[in-house]
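Colleague: Next input, structure requested:
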Amino acid sequence: MARQKLYLTQPAVSTQVKQLEEHAGLALFEQLGKKIHLTLAGKEMLHYSRAILEQFREADDAMARLKGISGGTLNVAVISAGDYFFPRLLAAFTRRNTDVLLNLAVHNREELLHQLNDNLTDLAVMVRPPRELDTENISFAPHPYVIVAPPDHPLVGRKDIPLEALADEPFIVRERGSDTWNSMEEGFAGRLSKLNIAMEITSTETIKQAVIAGMGLSFLSAHTISMELQTAKLAVLDIAGFPVMLNWLVTHQNHKRLPPVALAFK
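Modeller: Sure thing, here's the model as predicted:
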(Lines give C-alpha, C1' and ligand atoms only; values in the text may rest on other atoms or scores of the structure.)
Protein backbone atom coordinates (compact mmCIF):
# COMPACT_ATOMS: atom_id res chain seq x y z
CA MET A 1 0.00 0.00 0.00
CA ALA A 2 2.78 2.45 0.96
CA ARG A 3 4.80 1.76 -2.18
CA GLN A 4 1.69 2.28 -4.34
CA LYS A 5 0.94 5.66 -2.80
CA LEU A 6 4.57 6.75 -3.13
CA TYR A 7 4.99 5.23 -6.62
CA LEU A 8 8.04 3.33 -5.35
CA THR A 9 9.11 -0.30 -5.50
CA GLN A 10 9.09 -2.37 -2.31
CA PRO A 11 12.92 -2.38 -2.06
CA ALA A 12 12.94 1.41 -2.45
CA VAL A 13 10.41 1.79 0.40
CA SER A 14 12.47 -0.53 2.60
CA THR A 15 15.56 1.57 1.89
CA GLN A 16 13.70 4.77 2.83
CA VAL A 17 12.47 3.22 6.09
CA LYS A 18 15.99 2.01 6.94
CA GLN A 19 17.43 5.48 6.35
CA LEU A 20 14.72 7.04 8.52
CA GLU A 21 15.42 4.59 11.35
CA GLU A 22 19.16 5.28 11.06
CA HIS A 23 18.41 9.00 11.34
CA ALA A 24 16.17 8.47 14.36
CA GLY A 25 18.57 6.02 15.99
CA LEU A 26 15.62 3.84 16.97
CA ALA A 27 13.46 1.16 15.41
CA LEU A 28 10.26 2.69 14.06
CA PHE A 29 8.50 -0.53 13.03
CA GLU A 30 8.17 -4.00 14.50
CA GLN A 31 6.65 -7.15 13.02
CA LEU A 32 4.28 -9.22 15.10
CA GLY A 33 3.21 -12.29 13.19
CA LYS A 34 2.28 -11.18 9.69
CA LYS A 35 1.47 -7.61 10.70
CA ILE A 36 3.80 -4.63 10.96
CA HIS A 37 3.20 -2.15 13.78
CA LEU A 38 4.69 1.18 14.80
CA THR A 39 6.96 1.14 17.80
CA LEU A 40 6.62 3.89 20.44
CA ALA A 41 9.39 5.77 18.59
CA GLY A 42 7.51 5.22 15.33
CA LYS A 43 4.32 6.73 16.79
CA GLU A 44 6.28 9.81 17.93
CA MET A 45 7.87 10.13 14.49
CA LEU A 46 4.43 9.86 12.87
CA HIS A 47 3.06 12.61 15.15
CA TYR A 48 5.84 15.05 14.29
CA SER A 49 5.83 14.14 10.62
CA ARG A 50 2.14 14.99 10.39
CA ALA A 51 2.78 18.28 12.18
CA ILE A 52 5.55 19.14 9.71
CA LEU A 53 3.34 18.31 6.74
CA GLU A 54 0.55 20.48 8.22
CA GLN A 55 2.96 23.40 8.56
CA PHE A 56 4.00 22.96 4.94
CA ARG A 57 0.31 23.08 3.97
CA GLU A 58 -0.25 26.23 6.03
CA ALA A 59 2.80 27.83 4.41
CA ASP A 60 1.45 26.97 0.95
CA ASP A 61 -1.93 28.52 1.90
CA ALA A 62 -0.22 31.67 3.19
CA MET A 63 1.79 32.05 -0.01
CA ALA A 64 -1.36 31.54 -2.07
CA ARG A 65 -3.14 34.29 -0.12
CA LEU A 66 -0.23 36.67 -0.69
CA LYS A 67 -0.49 36.05 -4.44
CA GLY A 68 -4.01 37.47 -4.45
CA ILE A 69 -6.38 39.72 -2.52
CA SER A 70 -8.62 36.97 -1.15
CA GLY A 71 -7.94 36.26 2.50
CA GLY A 72 -5.26 38.94 2.84
CA THR A 73 -4.95 41.46 5.67
CA LEU A 74 -4.99 45.18 4.91
CA ASN A 75 -2.75 47.03 7.36
CA VAL A 76 -3.44 50.75 7.19
CA ALA A 77 -2.99 53.66 9.59
CA VAL A 78 -4.58 57.12 9.37
CA ILE A 79 -4.22 60.44 11.18
CA SER A 80 -7.04 61.23 13.59
CA ALA A 81 -8.88 63.62 11.25
CA GLY A 82 -9.22 60.75 8.80
CA ASP A 83 -11.31 58.59 11.08
CA TYR A 84 -14.32 60.78 10.19
CA PHE A 85 -14.38 59.59 6.56
CA PHE A 86 -11.84 56.80 6.13
CA PRO A 87 -14.02 53.92 7.41
CA ARG A 88 -16.38 54.53 4.46
CA LEU A 89 -13.51 53.89 2.04
CA LEU A 90 -12.63 50.68 3.89
CA ALA A 91 -16.27 49.57 3.87
CA ALA A 92 -16.49 50.08 0.09
CA PHE A 93 -13.30 48.07 -0.40
CA THR A 94 -14.40 45.17 1.80
CA ARG A 95 -17.78 44.99 0.07
CA ARG A 96 -15.89 44.20 -3.13
CA ASN A 97 -13.37 41.94 -1.38
CA THR A 98 -15.33 40.10 1.27
CA ASP A 99 -12.49 37.84 2.47
CA VAL A 100 -10.13 40.71 3.33
CA LEU A 101 -9.27 41.26 6.98
CA LEU A 102 -8.76 44.84 8.21
CA ASN A 103 -6.16 46.16 10.60
CA LEU A 104 -6.90 49.89 10.99
CA ALA A 105 -5.01 52.15 13.39
CA VAL A 106 -5.72 55.84 14.11
CA HIS A 107 -2.78 57.96 15.34
CA ASN A 108 -1.48 61.49 15.59
CA ARG A 109 1.22 62.36 13.08
CA GLU A 110 4.16 61.47 15.33
CA GLU A 111 2.88 57.98 16.04
CA LEU A 112 1.88 57.50 12.40
CA LEU A 113 5.45 58.22 11.30
CA HIS A 114 6.67 55.75 13.93
CA GLN A 115 4.34 53.10 12.47
CA LEU A 116 5.75 53.74 8.99
CA ASN A 117 9.37 53.85 10.07
CA ASP A 118 9.14 50.60 12.05
CA ASN A 119 7.23 48.83 9.25
CA LEU A 120 4.20 48.33 11.51
CA THR A 121 1.76 49.36 8.78
CA ASP A 122 1.72 48.92 5.02
CA LEU A 123 -0.06 52.15 4.14
CA ALA A 124 -0.49 55.45 5.97
CA VAL A 125 -3.03 58.19 5.22
CA MET A 126 -1.95 61.72 6.12
CA VAL A 127 -1.93 65.32 4.92
CA ARG A 128 1.69 66.12 4.13
CA PRO A 129 4.60 63.88 3.14
CA PRO A 130 7.04 62.96 5.92
CA ARG A 131 10.35 64.74 5.52
CA GLU A 132 12.08 62.24 7.78
CA LEU A 133 11.38 59.16 5.62
CA ASP A 134 11.89 58.08 2.03
CA THR A 135 8.28 57.58 0.97
CA GLU A 136 6.00 57.44 -2.03
CA ASN A 137 3.04 59.80 -1.55
CA ILE A 138 -0.06 59.83 -3.75
CA SER A 139 -2.77 62.49 -3.46
CA PHE A 140 -6.28 61.02 -3.61
CA ALA A 141 -8.69 63.67 -2.26
CA PRO A 142 -8.87 67.35 -1.27
CA HIS A 143 -8.61 68.18 2.42
CA PRO A 144 -10.06 71.60 3.40
CA TYR A 145 -9.40 73.31 6.75
CA VAL A 146 -11.72 75.99 8.15
CA ILE A 147 -12.15 78.32 11.12
CA VAL A 148 -15.11 77.26 13.26
CA ALA A 149 -17.09 79.18 15.88
CA PRO A 150 -20.21 78.68 17.98
CA PRO A 151 -23.28 79.66 15.90
CA ASP A 152 -24.01 82.73 18.07
CA HIS A 153 -20.54 84.24 17.65
CA PRO A 154 -20.56 87.90 16.43
CA LEU A 155 -18.43 87.06 13.38
CA VAL A 156 -20.86 84.40 12.08
CA GLY A 157 -22.56 85.68 8.93
CA ARG A 158 -19.96 88.34 8.12
CA LYS A 159 -18.31 88.08 4.69
CA ASP A 160 -14.61 88.02 3.80
CA ILE A 161 -13.38 88.56 7.36
CA PRO A 162 -9.70 89.60 7.47
CA LEU A 163 -7.35 87.45 9.53
CA GLU A 164 -6.52 90.49 11.64
CA ALA A 165 -10.07 90.40 13.02
CA LEU A 166 -9.19 87.13 14.78
CA ALA A 167 -6.20 88.55 16.69
CA ASP A 168 -8.03 88.88 20.03
CA GLU A 169 -10.11 85.72 19.71
CA PRO A 170 -9.10 82.78 21.94
CA PHE A 171 -8.22 79.70 19.88
CA ILE A 172 -8.52 76.07 21.01
CA VAL A 173 -6.27 74.04 18.75
CA ARG A 174 -4.65 70.67 18.18
CA GLU A 175 -1.22 70.05 19.71
CA ARG A 176 2.02 71.25 18.14
CA GLY A 177 3.45 68.76 15.69
CA SER A 178 0.06 67.37 14.69
CA ASP A 179 -0.96 67.55 11.05
CA THR A 180 -3.69 70.03 12.00
CA TRP A 181 -1.19 72.31 13.76
CA ASN A 182 1.15 72.16 10.75
CA SER A 183 -1.75 72.97 8.43
CA MET A 184 -2.70 75.90 10.67
CA GLU A 185 0.84 77.26 10.44
CA GLU A 186 0.52 77.08 6.67
CA GLY A 187 -2.93 78.67 6.66
CA PHE A 188 -1.88 81.63 8.80
CA ALA A 189 1.21 82.15 6.64
CA GLY A 190 3.68 83.22 9.31
CA ARG A 191 1.09 85.05 11.42
CA LEU A 192 0.43 82.20 13.83
CA SER A 193 2.51 83.87 16.55
CA LYS A 194 -0.04 86.69 16.63
CA LEU A 195 -2.86 84.25 17.36
CA ASN A 196 -4.24 83.99 20.90
CA ILE A 197 -3.74 80.27 21.58
CA ALA A 198 -5.82 79.63 24.69
CA MET A 199 -5.46 75.83 24.75
CA GLU A 200 -3.77 72.98 22.90
CA ILE A 201 -5.76 69.75 23.06
CA THR A 202 -4.95 66.36 21.54
CA SER A 203 -8.61 65.41 20.96
CA THR A 204 -10.59 66.88 18.05
CA GLU A 205 -13.84 65.86 19.76
CA THR A 206 -12.89 67.79 22.91
CA ILE A 207 -11.97 70.84 20.82
CA LYS A 208 -15.36 70.78 19.10
CA GLN A 209 -17.18 70.58 22.42
CA ALA A 210 -15.11 73.49 23.78
CA VAL A 211 -16.02 75.64 20.76
CA ILE A 212 -19.69 74.68 21.06
CA ALA A 213 -19.53 75.75 24.72
CA GLY A 214 -18.29 79.21 23.65
CA MET A 215 -14.71 78.87 24.90
CA GLY A 216 -13.18 80.10 21.65
CA LEU A 217 -12.62 79.47 17.93
CA SER A 218 -10.71 76.66 16.29
CA PHE A 219 -8.92 75.65 13.11
CA LEU A 220 -10.18 72.20 12.08
CA SER A 221 -10.44 69.83 9.18
CA ALA A 222 -13.78 70.28 7.43
CA HIS A 223 -14.10 66.48 7.45
CA THR A 224 -14.40 66.50 11.25
CA ILE A 225 -17.37 68.88 11.61
CA SER A 226 -20.03 67.73 9.13
CA MET A 227 -22.43 66.50 11.83
CA GLU A 228 -22.05 69.68 13.90
CA LEU A 229 -22.75 71.84 10.83
CA GLN A 230 -25.86 69.81 9.98
CA THR A 231 -27.20 70.22 13.52
CA ALA A 232 -26.17 73.92 13.69
CA LYS A 233 -23.93 73.37 16.70
CA LEU A 234 -20.95 74.90 14.89
CA ALA A 235 -20.57 77.52 12.16
CA VAL A 236 -17.77 78.09 9.64
CA LEU A 237 -16.43 81.66 9.52
CA ASP A 238 -15.94 83.28 6.11
CA ILE A 239 -12.28 84.21 6.56
CA ALA A 240 -10.29 85.78 3.69
CA GLY A 241 -8.01 83.14 2.14
CA PHE A 242 -9.95 80.23 3.67
CA PRO A 243 -10.55 77.35 3.48
CA VAL A 244 -6.94 76.20 3.48
CA MET A 245 -6.88 73.53 0.78
CA LEU A 246 -4.48 70.64 1.22
CA ASN A 247 -4.69 67.03 0.05
CA TRP A 248 -5.12 63.62 1.56
CA LEU A 249 -2.16 61.38 0.77
CA VAL A 250 -1.71 57.63 0.80
CA THR A 251 1.89 56.97 1.80
CA HIS A 252 4.25 54.03 2.11
CA GLN A 253 7.99 53.54 2.35
CA ASN A 254 9.53 53.93 -1.08
CA HIS A 255 11.16 50.51 -1.34
CA LYS A 256 8.52 48.53 0.54
CA ARG A 257 7.10 45.54 -1.31
CA LEU A 258 3.39 46.00 -0.69
CA PRO A 259 1.31 42.83 -0.37
CA PRO A 260 -1.37 42.42 -3.08
CA VAL A 261 -4.21 43.53 -0.81
CA ALA A 262 -2.43 46.80 -0.01
CA LEU A 263 -1.66 47.37 -3.70
CA ALA A 264 -5.32 46.78 -4.57
CA PHE A 265 -6.51 49.24 -1.93
CA LYS A 266 -3.94 51.83 -3.01
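Colleague: Just grab the bridge partners of the residue sitting nearest the centre point of the chain for me.
Modeller: Most central residue of the chain, judged by C-alpha distance to the mean C-alpha position with CA atoms, centre = their mean, is Val76 at 1.7 Å. Counting by DSSP bridges, Val76 is bridged to Leu104, Leu123.
Colleague: give me every residue that touches it.
Modeller: For Val76, the residues meeting the contact criterion (CB atoms under 8 Å, 6 or more residues apart in numbering) are Leu90, Leu102, Asn103, Leu104, Ala105, Thr121, Asp122, Leu123, Ala124, Val125, Ala262, Phe265. The way it works is simple: take the backbone N, C-alpha and C, and place the C-beta from them, glycine included.
Colleague: As CSV, those with neighbour count would be great.
Modeller: Listed next are the contacts of Val76 as CSV, based on neighbours: other CB atoms under 10 Å:
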residue, neighbour count
Leu90, 16
Leu102, 15
Asn103, 12
Leu104, 16
Ala105, 15
Thr121, 24
Asp122, 24
Leu123, 20
Ala124, 28
Val125, 24
Ala262, 21
Phe265, 22
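Colleague: separation between the residue nearest to the centre of the chain and Ile52?
Modeller: If you measure Val76 against Ile52 using CB to CB, to the nearest Å, the figure is 35 Å.
Colleague: Could you report the neighbour count for Asp160?
Modeller: By other CB atoms under 10 Å, the residues close to Asp160 number 9.
Colleague: these two touch, right, it and Leu237?
Modeller: No. In terms of CB atoms under 8 Å, Asp160 does not count as a neighbour of Leu237; the distance is 10.4 Å.
Colleague: So Leu123 is in contact with Gly82, correct?
Modeller: No. Leu123 lies out of contact with Gly82 (CB under 8 Å); the separation is 11.7 Å.
Colleague: hang on, Phe171 is in a strand, isn't it?
Modeller: Yes. Assignment of Phe171 by DSSP: H, G, I helix; E, B strand; the rest coil places it within a strand.
Colleague: who's in contact with it?
Modeller: Under the criterion of CB under 8 Å, 6+ apart, the neighbours of Phe171 are Leu195, Asn196, Ile197, Ala198, Gly216, Leu217, Ser218, Phe219.
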